[in-house]
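[1] A structural model of the following input is requested.
(2 chains)
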There are 2 protein chains.
Amino acid sequence: MTMLEIERKFLVKSGEYKKEAYEKIRIKQGFLSTDPERTVRLRITNETAFLTIKGKSKENGLSRFEWEKEIDKNEAEELFKLCKPGIIDKTRYLVKIGDFTYEVDEFYGENQGLVVAEIELNNEKDSFQKPIWLGEEITGDIKYYNSQLSEHPYKNW
Amino acid sequence: MTMLEIERKFLVKSGEYKKEAYEKIRIKQGFLSTDPERTVRLRITNETAFLTIKGKSKENGLSRFEWEKEIDKNEAEELFKLCKPGIIDKTRYLVKIGDFTYEVDEFYGENQGLVVAEIELNNEKDSFQKPIWLGEEITGDIKYYNSQLSEHPYKNW
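    Numbering: from 1, shown residues only, chains lettered A, B, ... in the order given. Okay, here's the model as predicted:
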């Protein structure tokens, strides 16, 4: 499936999102390409595996071309061995606020201490509620791309 | 599908393979990653589109991990726009000799003048016939990888 992904991204300043979450998912990600113009990501959860290709974001940083395909989990484990060093390990909490769902990622390992929330919009003008735990907006800041966190982790900033 | 690809590769020193070919296919290839340890290739022919991920070849240069998946052709055209500069354009001739099929690639564009033949073996010890048009063996020579020809084309050698 191809789509144009419209997203806004924020830092998270407190842990209250955890008790508001209706689901949490452990996610392991590796990258075959971390080039922001053609990122190739492998994502494995307990249940599923996906291969995702993303383009560069547009000037405003809001929208980004994305192609995603579910792949066989055993094949994904084999492909993981080819990924660049710097596996991303995180728990994703899903928090529904108004009409939208925030995906809150709590990172581990080299990115321990970083918590980031993303909200996917239907179009760039959509308005949405901001929960009190939401911090500074970081939409379009490349250093928070998971592909970049893989190469330049938070603990080295 | 994942597999270990066992291949031998040769230069081609004359054009006789063309009249021995039982099929020819025009192939367009782009790369999302040209890193030899994790090449990500998009291949489009008249009929089909495939996404292929390849690992580094083993020390002897003969075998290489490969994962391949057919994808929707329209999606492939979209993904082509994300590929690195240096599209590979070639005609592949299929020539059956004994029990094996040689794939002979005649390159165009920046790689015009280069003709390369590959034979895929079932195991590294397989013996196979060499047609008279077969030239020097170049198995494992990275500069003949299509990913490398994309970045460092034949005309600049």
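[2] number of nearby residues for residue A:85?
    By other CB atoms under 10 Å in any protein chain shown, the residues close to residue A:85 number 8. (C-beta placed from N, C-alpha, C; glycine too.)
[3] I meant to write residue A:33 there.
    The tally of other residues near residue A:33 (other CB under 10 Å) stands at 25.
[4] I figured it hits residue B:40, correct?
    Yes. Judged on CB atoms under 8 Å, residue A:33 makes contact with residue B:40 at a distance of 6.2 Å.
[5] shared neighbours, those two?
    A:40, B:32, B:33 (CB atoms under 8 Å, 6 or more residues apart in numbering or on different chains).
[6] Does the helix or strand where the second one lies reach chain A?
    This points to residue B:32. If you go by DSSP states H and E, residue B:32 is part of strand B:23-33. Yes. Against chain A, strand B:23-33 shows contacts by CB under 8 Å from any CB of the partner chain at B:32, B:33.
[7] That strand vs strand A:23-33, what angle?
    Computed by axes from the mean of the first three to the mean of the last three CA atoms, to 10 degrees, the angle separating strand B:23-33 from strand A:23-33 equals 110 degrees.
[8] And the helices in chain A, which stretches?
    Counting by DSSP state H, one finds helices in chain A at the ranges A:17-20, A:73-80, A:146-151.
[9] Please identify the most buried of those.
    Of all the helices of chain A, helix A:146-151 has the most neighbours on average by mean count of other CB atoms under 10 Å in any protein chain shown, namely a mean of 20.
[10] State the number of residues packed around the residue nearest to residue A:56 when sequence neighbours are not counted.
    Once flanking residues are discounted, residue A:56 sits nearest to residue A:37: 4.5 Å by CB to CB, 6 or more residues apart in numbering or on different chains. A count of nearby residues for residue A:37, using other CB under 10 Å, gives 13.
[11] One more: the one 4 residues further on?
    Residue A:41 has 23 neighbouring residues, counting by other CB under 10 Å.
[12] got the residues of chain A near chain B?
    For chain A, the contact set with chain B under CB under 8 Å from any CB comprises A:1-2, A:32-33, A:35, A:37-38, A:40, A:51, A:53, A:55, A:65, A:67, A:69, A:71, A:75, A:78-79, A:81-84.
[13] Please pick the buried ones from these.
    Burial by neighbour count, judged by 16 or more other CB atoms under 10 Å in any protein chain shown, picks out A:32-33, A:38, A:40, A:51, A:53, A:55, A:65, A:67, A:71, A:75, A:79, A:82-84 from the residues of chain A next to chain B.
[14] As CSV, the helices of chain A with mean pLDDT would be great.
    As requested, these are exported to CSV (pLDDT from 0 to 100):
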stretch, mean pLDDT
helix A:17-20, 96
helix A:73-80, 94
helix A:146-151, 94
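[15] among those, which is nearest residue A:126?
    helix A:17-20 (20.3 Å; CB to CB).
[16] May I have the closest one as PDB, with CA atoms only?
    Only the C-alpha atoms of helix A:17-20 are listed here, as PDB (Å, rounded to 0.1, in the frame of the first residue of the first chain):
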ATOM      1  CA  TYR A  17      -0.100   8.600  28.900                       C
ATOM      2  CA  LYS A  18       0.600   5.100  30.200                       C
ATOM      3  CA  LYS A  19      -2.600   4.900  32.200                       C
ATOM      4  CA  GLU A  20      -4.600   6.400  29.400                       C
END
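[17] other SSEs contacting that helix?
    On a contact count with 3 or more CB pairs under 8 Å, 6 or more residues apart in numbering or on different chains; DSSP states H and E, helix A:17-20 meets strand A:88-97.
[18] Can you name the residues that contact residue A:83?
    Contact analysis of residue A:83 by CB under 8 Å, 6+ apart lists A:30, A:31, A:32, A:42, B:38.
[19] which residue packs closest to it, ignoring adjacent ones?
    residue A:30 (3.0 Å).
[20] Could you report the neighbour count for that neighbour?
    When neighbours are defined as other CB under 10 Å, residue A:30 has 22 of them.
[21] How much space separates it from residue A:106?
    19 Å (CB to CB, to the nearest Å).
[22] Likewise for residue A:58?
    Counting by CB to CB, the gap from residue A:58 to residue A:106 is 28 Å.
[23] how near is whichever residue of chain A sits closest to chain B to residue A:3?
    Closest residue of chain A to chain B, CB to the nearest CB: residue A:33 (4.1 Å). Per CB to CB, residue A:33 is found 19 Å from residue A:3.
[24] same thing with residue A:62?
    Taking CB to CB, one finds residue A:62 at 14 Å from residue A:3.
[25] out of these two, which sits in the busier spot?
    Taking other CB under 10 Å, residue A:62 and residue A:3 do not tie; residue A:62 has more neighbours (18 against 11).
[26] give the contact list for the more buried one.
    If a contact means CB under 8 Å, 6+ apart, then residue A:62 has A:6, A:7, A:8, A:124, A:139, A:140 as its contacts.
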